[in-house]
Structure formats: C-alpha cells, structure tokens
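[1] Next input, structure requested:
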Amino acid sequence: MDNWAVIHAERRALATDLAGLTDEQWSVPSLCTEWTVRDALAHLTATAKITPPVFFAKLAAAGFSLTRLQAKDIAVERGESPADTLARFEAVITSVKHPPGPLDTWLGEAILHAEDIRRPLGISRDYPADAVVRVADFYKNSSLLVGAKRRIAGLTLRATDAQWSHGAGPEAAGPILAIAMVMTGRSAALADLAGDGVEILRSRA
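    Numbering: from 1, shown residues only. Purely as a prediction, here's the structure:
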C-alpha cells in the first residue's frame, strides 16, 4: 500500500467534507477534547509542514514540551478565520513533510484525526479498510505517547468488518476503525464495540 497516496486522498476528502461548515461547527470540540474541530485541522496542517530538524528546533524552543509546541503551531495554522484554517490545510494536501517517526504514524494521524473531527460533526466516511488495518497493526504494539499496548493488554480485539484480530482474553469486537480509535484512547468509539472486554477498555480510557 502506498501510504502517501492514502494520506493525500484522506486529506483531500477531509477538506471536501469541511468546506461547508458554519462558524459554530468549526468551534465544536473534537475528540481530542482540548482542541476544537478548527484546532485539530490546524494541527494536521502543522504536521504536514514540519521536518525532523525543524521539529527538534521547535521542541527545544518550547522547553521540550510537545504540548506547548503543538499549541504554538496550532495558533499559527488556525489563521485569521475558519476559511483561512481550511485554506492552509488545502495548501498541504500533497505534502510529504512530517515530524520524526515511522510513516505509519502519519497514516494513523490522517485517519484518526480526521475521525476526531468528523465524528463530533456527525460526518461519516468509509476509510480504506486496508489502511485502517495497517493503522491498527501499527498501534497495537505501541507504548509510546498513545499507550495502546498497555490499554489493550490481556484482551482479544476482533474486527467484524475485516480479517483482523489481536491478543487473548475477554473480547471486544466491532469495526476495525472503532478498534483503532479505542486502542489509541478515543473512548467515544467504545459504543461501537461489543463483548466482555469493552468495560475493561472503558476502565483504561
């Protein structure tokens, strides 16, 4: 699978979905609760403009706080208005720049942050199943930042719409997108899962 082709397609689809938002919708909290929909899109723009050397320079300038670095970049990429925020995002749709990290990280961001934005707005999308499977495979063993490995330890996760399962123990079953969201801490998707493992996941959210 060509990760960049999928990332670019998902950015383009997201821009299309957001083109008609009202000012009130831009202010809706995203699933990243500290960010609005507009903030989350500005974050995606910022990550598409940065390179590893620039990232480390900005991190140092932010006192080695990733939260402060992100807040500074979001403030810039929000622009003067929601229309400006969207235009800035549209300008980086085909960018291949990214902070340090595996390419699957940015595939995950393109899908999961898009869902962070879409779900609170009531917008649905059928993401490419193979791409979402790849994201789930990437995060299932990840302990860094998102803590997915710890969150799903001792559980069986089983996709009902793809040939994918992981782990052993009480089961949580549902769409592969919901599984990827829950393992990365997005508890809103717990409602899409069923099985004895769901309450365990809820306790770890």
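[2] any idea of the pLDDT on Gly147?
    As summarised for this prediction, Gly147 has a pLDDT of 87.
[3] Show the contacting residues for the closest residue to it other than its chain neighbours.
    Residue nearest to Gly147 in three dimensions, not counting chain neighbours: Gly185, with 7.0 Å by Cβ to Cβ, 6 or more residues apart in numbering. The C-beta positions use only the backbone N, C-alpha and C, and glycine is treated the same way. Contacts here follow Cβ atoms under 8 Å, 6 or more residues apart in numbering; on that basis Gly185 touches Val146, Gly147, Ala148, Arg151, Ala205.
[4] wait, is Gly185 part of a strand?
    No. Using DSSP: H, G, I helix; E, B strand; the rest coil, the assignment for Gly185 is coil, not a strand.
[5] hmm, back to that, which of the contacts of Gly185 are buried?
    Val146, Ala148, Arg151 (16 or more other Cβ atoms under 10 Å).
[6] residue contacts, the first one?
    The contact partners of Val146, taken as Cβ under 8 Å, 6+ apart, are Tyr139, Met183, Thr184, Gly185.
[7] What residue in the chain is the furthest from its centre?
    Within the chain, Gly169 marks the point farthest from the mean C-alpha position, 26.6 Å out by Cα atoms, centre = their mean.
[8] follow-up on the earlier one: CSV for the buried ones among the contacts of Gly185, including secondary structure and distance to Phe55?
    Below are these laid out as CSV (DSSP: H, G, I helix; E, B strand; the rest coil; distance: Cβ to Cβ, whole Å):
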residue, secondary structure, distance to Phe55
Val146, coil, 18
Ala148, helix, 22
Arg151, helix, 26
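[9] quick one: the residue farthest from the centre of the chain and Thr156 touch, right?
    Yes. The pair Gly169 / Thr156 is scored as a contact, 5.6 Å apart, by Cβ atoms under 8 Å.
[10] shared neighbours of those two, which are they?
    Shared contacts of Gly169 and Thr156 (Cβ under 8 Å, 6+ apart): Gly197.
[11] about what we covered before: for the residue farthest from the centre of the chain, which three-state class applies?
    Applying three-state DSSP: Gly169 is coil.
[12] From Val132, how far out is it?
    22 Å (Cβ to Cβ, to the nearest Å).
[13] Same check on Leu44?
    Distance, Leu44 to Val132, using Cβ to Cβ: 17 Å.
[14] all strands in the chain, in order from the N-terminus.
    Under the criterion DSSP state E, the chain contains strands at 156-159, 165-166, 171-174.
[15] Would you map out the domains in the chain?
    3-121, 132-204 (automatic domain parsing).
[16] for the chain, what spans make up the helices?
    3-18, 23-26, 37-47, 52-61, 66-77, 82-90, 103-121, 129-139, 148-151, 176-183, 197-204 (DSSP state H).
[17] Turn those into CSV, including distance to Thr160.
    Shown next, in CSV, are the helices of the chain (distance: least, Cβ to Cβ, whole Å):
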stretch, distance to Thr160
helix 3-18, 22
helix 23-26, 31
helix 37-47, 27
helix 52-61, 38
helix 66-77, 34
helix 82-90, 32
helix 103-121, 17
helix 129-139, 12
helix 148-151, 19
helix 176-183, 8
helix 197-204, 13
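[18] Please identify the most buried of those helices.
    helix 176-183 (a mean of 27; mean count of other Cβ atoms under 10 Å).
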